[in-house]
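Undergrad: below: sequence and its predicted model.
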Amino acid sequence: MLDFGFLGILWLMLQSRLFTKVARNFPKDEEAINAKLLTRAGFVEKVSAGVYSFLPLGLRVMRKIETIIREEMNALGGMEILMPALHPKENWETTGRWKTFDVLYKIKSREGKEFALGPTHEEIVVPLVAKFVNSYKDLPVYLYQIQDKFRDELRAKSGLLRGREFLMKDLYSFHTSEGDLDSFYEKMKKVYTKLFSRAGLKTRIVKSSGGTFSKYSHEFQVLTPVGEDAVFYCEKCDFAENKEIAEVKEGDKCPNCAGKIRVSQGIEVGNIFKLGTKFSKDFELLYKDEKGKENHISIGCYGIGLSRLMGAIVEIFHDEQGIIWPETVAPFAAHLIELGEGKSKKLYHDLQKAGIDVLYDDRNISHGEKLTEADLIGIPLRLVQSEKTGAKIEVKRRDEKDSKLMTVSQVIKLLQPTTYNLQTIT
Ligand SMILES: [Zn+2]
């Protein structure tokens with residue numbers, strides 16, 4: 001019997017069958033390096049400013065990022081749900097945000113009913129929790145989703161860093177007390193730091209304004225000259241503040257240690273907020289405590305922009321030749337380049353049998369073109385088998401200059417998929 005599932009996978013991994021092709025030039029209508037590289041290499045395609053299609057290579061990266069996020073959220077006790085993008089106007093009127101949320105997309109049905117396209121989901125998740133949670137015994141509860149969000153941004157010139165439609169993970173936590181919320185919030189700081197480092201990014205936890213609901217919130221910023229935000233940070237300890245609220249300035253002494261305060265641009269890849277009881281008051285979200293007394297539930301919310309994270313990774317990891325994907329989020333583990341006529345077919349099947357994700361460039365184009373495109377696409381390991389290498393394989397890491405000769409079994413061992421050891425953070 002033919003296993004079509006397997007064939008489906010097989011076709012995708014042959015570059016001759018890949019739906020997208022690398023473009024000869026960078027797109028003319030993109031300014032940001034992430035959008036330039038991702039578009040040219042065939043990961044994404046712009047539909048309009050801030051709105052992108054994710055193509056086979058790009059979606060594979062997105063799925064890897066999703067997997068890391070799901071693993072960490074589930075390990076924390078998070079339960080995944082999926083809420084709608086279409087929100088009735090009444091829900092947003094209940095919180096007063098129909099008028100005040102400046103980037104809210106508003107639409108009207110044929111019958112004149114008004115909706116918002118969800119930029120965040122407090123207006124949906126809070127009444128949902130009110131249906132199922134009554135007692136202190138039902139708490140705490142952590143609900144999350146990975147879903148498209150919509151924001152009516154005036155400027156959307158940063159590629160995947162600022163989308164009008166973008167993929168986001170949002171988790172909402174519900175607690176009997178501010179104290180319980182506080183300790184979960186601190187736990188989430190550690191989980192986020194670990195999660196971003198699994199995706200290859202070193203983040204700083206940056207104190208920033210809390211908006212309308214709390215005194216402050218925290219952003220997870222990747223410090224890089226291309227970021228949109230300015231961050232004051234201590235060169236010695238982990239003190240950091242967003243410039244918009246900062247109580248320090250460049251050159252000051254750190255309030256925590258004797259270190260010097262420096263300034264850097266940053267890309268925000270995640271944020272966490274304590275919402276307190278604002279939304280539970282709006283929707284009368286109450287629980288009964290041990291004595292039967294009714295109290296408002298305390299809420300926290302925790303976001304990660306997945307498409308933005310993908311853009312940030314490209315901003316950080318690239319060179320003149322193209323993208324350099326961290327192994328954990330790369331679309332494939334290895335890129336096998338055919339330089340002879342079908343010489344690498346056996347190796348390709350051996351790697352597949354060993355469960356290794358490999359993109360096989362079986363196309364009939366020049367060797368030079370193949371190698372240039374491989375650098376642009378940025379898969380972490382390049383494998384070449386040719387007359388010169390004999391029975392061995394030339395293995396080159398995308399982030400290194402020199403290559404090594406290895407046997408097939410050495411390559412398989414090197415590429416063996418590793419399972420991540422999830423340690424619960426307490
Ligand atoms: Zn310090």
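TA: Received, thanks. Numbers count the residues shown, from 1 in each chain.

Undergrad: from the ion, how far off is the residue nearest to L139 when sequence neighbours are not counted?
TA: Spatially, and ignoring its direct neighbours in sequence, L139 is nearest to T176 (5.0 Å; Cβ to Cβ, 6 or more residues apart in numbering). C-beta here means a position set from N, CA and C on the backbone, and glycine is covered the same way. With distances taken as Cβ to the ion, to the nearest Å, T176 is found 35 Å from the ion.

Undergrad: residues in contact with T176?
TA: Shown in contact with T176 (Cβ atoms under 8 Å, 6 or more residues apart in numbering): Y136, L139, P140, Y287, D289, N295, I297, S298.

Undergrad: and which of those is nearest I365?
TA: Taking Cβ to Cβ as the measure, I365 lies nearest P140 of those, at 56.4 Å.

Undergrad: so the closest one sits right up against H175, yeah?
TA: Yes: between P140 and H175 there is a contact at 4.9 Å, judged by Cβ atoms under 8 Å.

Undergrad: in the stretch 151-300 of the chain, which spans are strands?
TA: Assigned by DSSP state E, counting those that start in this stretch, the stretch 151-300 of the chain shows strands spanning 165-175, 204-209, 216-223, 229-234, 240-242, 261-276, 286-288, 294-296, 298-305.

Undergrad: specify the beta-bridge partners of V395.
TA: When assigned by DSSP bridges, V395 has beta-bridge partners L383, K404.

Undergrad: list the contacts of it.
TA: Applying Cβ under 8 Å, 6+ apart to V395 gives the contacts L381, R382, L383, S403, K404, L405, M406, V411, L414.

Undergrad: phi and psi next, for E369.
TA: Dihedral pair for E369: phi -60, psi -40, per degrees, to the nearest 10.

Undergrad: returning to what we had before: just the buried subset of the contacts of T176, please.
TA: Y136, L139, P140, Y287, I297, S298 (16 or more other Cβ atoms under 10 Å).

Undergrad: please name the bridge partners of the fourth one.
TA: By that I understand Y287. N295.

Undergrad: over to F273?
TA: F273 forms beta bridges with C301, as assigned by DSSP bridges.

Undergrad: Throw the strands of the stretch 151-300 of the chain into a markdown table and include mean pLDDT and distance to E31, thanks.
TA: Output for the strands of the stretch 151-300 of the chain, formatted as a markdown table (pLDDT from 0 to 100; distance: least, Cβ to Cβ, whole Å):
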| stretch | mean pLDDT | distance to E31 |
| --- | --- | --- |
| strand 165-175 | 98 | 18 |
| strand 204-209 | 94 | 25 |
| strand 216-223 | 94 | 19 |
| strand 229-234 | 94 | 17 |
| strand 240-242 | 93 | 23 |
| strand 261-276 | 95 | 15 |
| strand 286-288 | 98 | 49 |
| strand 294-296 | 97 | 46 |
| strand 298-305 | 97 | 19 |
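
Undergrad: need those in JSON lines with distance to K396, can you?
TA: Below are the strands of the stretch 151-300 of the chain laid out as JSON lines (distance: least, Cβ to Cβ, whole Å):
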{"stretch": "strand 165-175", "distance to K396": "32"}
{"stretch": "strand 204-209", "distance to K396": "33"}
{"stretch": "strand 216-223", "distance to K396": "27"}
{"stretch": "strand 229-234", "distance to K396": "36"}
{"stretch": "strand 240-242", "distance to K396": "37"}
{"stretch": "strand 261-276", "distance to K396": "29"}
{"stretch": "strand 286-288", "distance to K396": "58"}
{"stretch": "strand 294-296", "distance to K396": "59"}
{"stretch": "strand 298-305", "distance to K396": "32"}
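
Undergrad: what's the closest non-adjacent residue to L160?
TA: Per Cβ to Cβ, 6+ apart, closest to L160 is G311, 3.1 Å.

Undergrad: now do L76
TA: V191 (5.8 Å).

Undergrad: domains of the protein?
TA: What automatic domain parsing lists as the domains of the chain is 4-27+332-415, 33-317.

Undergrad: out of these, which is the most enclosed?
TA: Each of the domains of the chain was scored by mean neighbour count; the highest is domain 33-317, a mean of 18, by mean count of other Cβ atoms under 10 Å.

Undergrad: residues from the stretch 101-250 of the chain in reach of the ion?
TA: Contact residues, the stretch 101-250 of the chain versus the ion (Cβ under 5 Å from the ion): C234, K236, C237, F239.

Undergrad: out of those, what pair is the most spread apart?
TA: Of all pairs in these, the most separated under Cβ to Cβ is K236 and F239 at 8.5 Å.

Undergrad: all strands of the stretch 301-426 of the chain, in order?
TA: Along the stretch 301-426 of the chain, counting by DSSP E, counting those that start in this stretch, strands occupy 318-319, 322-323, 334-338, 358-361, 381-385, 393-397, 403-406.

Undergrad: and the last one, how far out from the chain middle?
TA: Looking back up the chat, that one is strand 403-406. 33 Å (Cα atoms, centre = their mean, to the nearest Å).

Undergrad: ok, now the first one?
TA: Computed by Cα atoms, centre = their mean, the separation of strand 318-319 from the middle of its chain amounts to 19 Å.

Undergrad: repeat that for the fourth one.
TA: For strand 358-361, the gap between its own C-alpha mean and the chain's C-alpha mean amounts to 25 Å (Cα atoms, centre = their mean).

Undergrad: what packs against that strand?
TA: Where contact means 3 or more Cβ pairs under 8 Å, 6 or more residues apart in numbering; DSSP states H and E, strand 358-361 is packed against helix 4-13, strand 334-338, helix 345-353, helix 367-377.

Undergrad: any chance of these in a markdown table, with mean pLDDT too?
TA: Shown next, in a markdown table, are these (pLDDT from 0 to 100):
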| stretch | mean pLDDT |
| --- | --- |
| helix 4-13 | 54 |
| strand 334-338 | 95 |
| helix 345-353 | 91 |
| helix 367-377 | 96 |
